[in-house]
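Sequence and predicted structure are below.
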2 protein chains.
Amino acid sequence: MKLNAAEIADMDSRRRAAFVNSLSGFKSANLVGTASSEGQTNLAIMSSTVHLGSHPPLLALVVRPGGDERHTLKNILDTGVYSLNHVNAEIVEQAHQTAARYPAQASEFDATGLTPLWQSGFAAPMVLEASVKLGMQLREHIELKINGTHLVIGEVVLAEVPSLAFRSDGSLDLEAAGSVALSGLDTYHQSAGSKRMAYAKPNMPPRQL
Amino acid sequence: MKLNAAEIADMDSRRRAAFVNSLSGFKSANLVGTASSEGQTNLAIMSSTVHLGSHPPLLALVVRPGGDERHTLKNILDTGVYSLNHVNAEIVEQAHQTAARYPAQASEFDATGLTPLWQSGFAAPMVLEASVKLGMQLREHIELKINGTHLVIGEVVLAEVPSLAFRSDGSLDLEAAGSVALSGLDTYHQSAGSKRMAYAKPNMPPRQL
């Protein structure tokens, strides 16, 4: 099935959102934990975390200006910190529920039953139930002119990962960590079956590790 | 296991790259197809595609200034177009091999045996073997001051998707499409077991579709 730009533009807006959100491929599923300057907590599921670099360790997050993500963005800009917490299979329901449009004064932690975990000296809550938890310090904020979305660039200043998922070469076994992937707007995937490939070299055929 | 900023900075650079590349969670696995103004094709695996918006349909790609990605970036800036092709389980080996540092005058299509597919009027090759193939038009290019990576923002102007994966609500079943996810630098994952959640509402408990 082939669609061109005009056919995509002509789709009903809900169908188009479902379609275009599926096109990038599998996405990360992270709960973004923040607090307002008054200490009101907020938790929002986002699928737009992307790796920018490892030295310094930088991740970018695309945040939409509307809806619940507005509270998250305001909190990040006000406090300069946020947490990223991998969604795992046990908390998919609660994680998805954070996308509901709760009023600003409601905490998605209370609404969903997820537990805020505070680290000393860090002004954003993590999610106790997540197996991979990251403390992020805001480093740069760019509003993208093309569609008004915001690119939030943060440095990983704290990382809590399950020891059993931490491989000797530094990588994490995300299947062992129980992390799930997202596709489209609403589908959560567990990995079953993975293949690790050796470092690719021009004069060597591809080979599994 | 907990690491702070200093402990991450102190890791050996290869371990740190493996670690930090694992932190964002699961990533998309896309082959980026380009051609130089002289028609020399290039194919590079990238895991940094992120959804920016659906109207217009925009995806961003983080491209590193060094290594093979340099050729891809130059081709995108020279021609204004590129293709994104989902890696599926059948082509993991070839897809991973495109990361090897071939010289600029070598095509990763020839080196890996993947087949370039040209669309009329579109100056970048797609990958015949990929089940989801996107034609992208460059819309904005931002060099991120913080670490010199480039954000390439493109509009989806062509989309070829398998009919069997196209659901009536517009979303794609990426498991049916055979797409794989990436974690870290080298691990390819197949999905087995997915859960679709209904649109979240504040006054309704989370429920599966």
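Everything's here; your move. Computed from a predicted model, the values in this text were never measured in an experiment. Numbering: from 1, shown residues only, chains lettered A, B, ... in the order given.

Can you give me the buried ones in stretch A:80-92?
Buried residues in stretch A:80-92, defined by neighbour count with 16 or more other Cβ atoms under 10 Å in any protein chain shown: A:V81, A:Y82, A:S83, A:L84, A:N85, A:H86, A:V87, A:N88, A:I91, A:V92. From N, CA and C alone the C-beta is placed, and that goes for glycine too.

Just send these back as CSV, with distance to chain B too.
Putting these into CSV (distance: Cβ to the nearest Cβ, whole Å) gives the following:
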residue, distance to chain B
A:V81, 12
A:Y82, 14
A:S83, 12
A:L84, 8
A:N85, 10
A:H86, 5
A:V87, 8
A:N88, 10
A:I91, 10
A:V92, 6
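
mind listing which of these are in helices?
Mapping these onto helices (DSSP state H) picks out A:V92.

Make JSON lines out of the buried residues of stretch A:80-92 and add pLDDT.
JSON lines is the format used below for the buried residues of stretch A:80-92 (pLDDT from 0 to 100):
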{"residue": "A:V81", "pLDDT": "98"}
{"residue": "A:Y82", "pLDDT": "98"}
{"residue": "A:S83", "pLDDT": "98"}
{"residue": "A:L84", "pLDDT": "98"}
{"residue": "A:N85", "pLDDT": "98"}
{"residue": "A:H86", "pLDDT": "98"}
{"residue": "A:V87", "pLDDT": "98"}
{"residue": "A:N88", "pLDDT": "97"}
{"residue": "A:I91", "pLDDT": "98"}
{"residue": "A:V92", "pLDDT": "97"}
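
Make TSV out of the buried residues of stretch A:80-92 and add distance to B:V127.
Formatted as TSV, the buried residues of stretch A:80-92 follow (distance: Cβ to Cβ, whole Å):
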residue	distance to B:V127
A:V81	41
A:Y82	36
A:S83	37
A:L84	32
A:N85	34
A:H86	30
A:V87	30
A:N88	32
A:I91	36
A:V92	32
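
which one among the buried residues of stretch A:80-92 gets closest to A:P205?
A:H86 (33.6 Å; Cβ to Cβ).

Wait, the closest one touches A:S131, no?
Yes - if you go by Cβ atoms under 8 Å, A:H86 and A:S131 touch, sitting 6.4 Å apart.

Need the overlap of contacts for those two.
Common neighbours of A:H86 and A:S131, using Cβ atoms under 8 Å, 6 or more residues apart in numbering or on different chains, are A:A177, A:S179.

contacting residues around the residue nearest the centre of chain A?
For chain A, A:N30 is the residue whose C-alpha lies nearest the centre (Cα atoms, centre = their mean; 3.1 Å). With contact set as Cβ under 8 Å, 6+ apart, A:N30 has these partners: A:I45, A:M46, A:S47, A:T49, A:L84, A:N85, A:H86, A:V87, B:S24, B:G25.

okay, these in a markdown table with distance to A:K2 next?
Listed next are the contacts of A:N30 as a markdown table, based on distance: Cβ to Cβ, whole Å:
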| residue | distance to A:K2 |
| --- | --- |
| A:I45 | 32 |
| A:M46 | 31 |
| A:S47 | 26 |
| A:T49 | 31 |
| A:L84 | 36 |
| A:N85 | 39 |
| A:H86 | 35 |
| A:V87 | 33 |
| B:S24 | 31 |
| B:G25 | 31 |
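
residues contacting A:E160?
So A:E160 contacts A:M126, A:V132, A:K133, A:L134, B:M1, B:K2, B:L3 (Cβ under 8 Å, 6+ apart).

Show the contacting residues for the first one.
So that's A:M126. A:G33, A:S83, A:N85, A:P116, A:L117, A:W118, A:Q119, A:K133, A:G135, A:E160.

Dump those into JSON lines; add secondary structure as well.
JSON lines is the format used below for those (DSSP: H, G, I helix; E, B strand; the rest coil):
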{"residue": "A:G33", "secondary structure": "strand"}
{"residue": "A:S83", "secondary structure": "strand"}
{"residue": "A:N85", "secondary structure": "strand"}
{"residue": "A:P116", "secondary structure": "strand"}
{"residue": "A:L117", "secondary structure": "strand"}
{"residue": "A:W118", "secondary structure": "coil"}
{"residue": "A:Q119", "secondary structure": "coil"}
{"residue": "A:K133", "secondary structure": "strand"}
{"residue": "A:G135", "secondary structure": "strand"}
{"residue": "A:E160", "secondary structure": "strand"}
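
hmm, which of those are the buried ones?
Buried among the contacts of A:M126 (16+ other Cβ under 10 Å): A:G33, A:S83, A:N85, A:P116, A:L117, A:Q119, A:K133, A:G135, A:E160.
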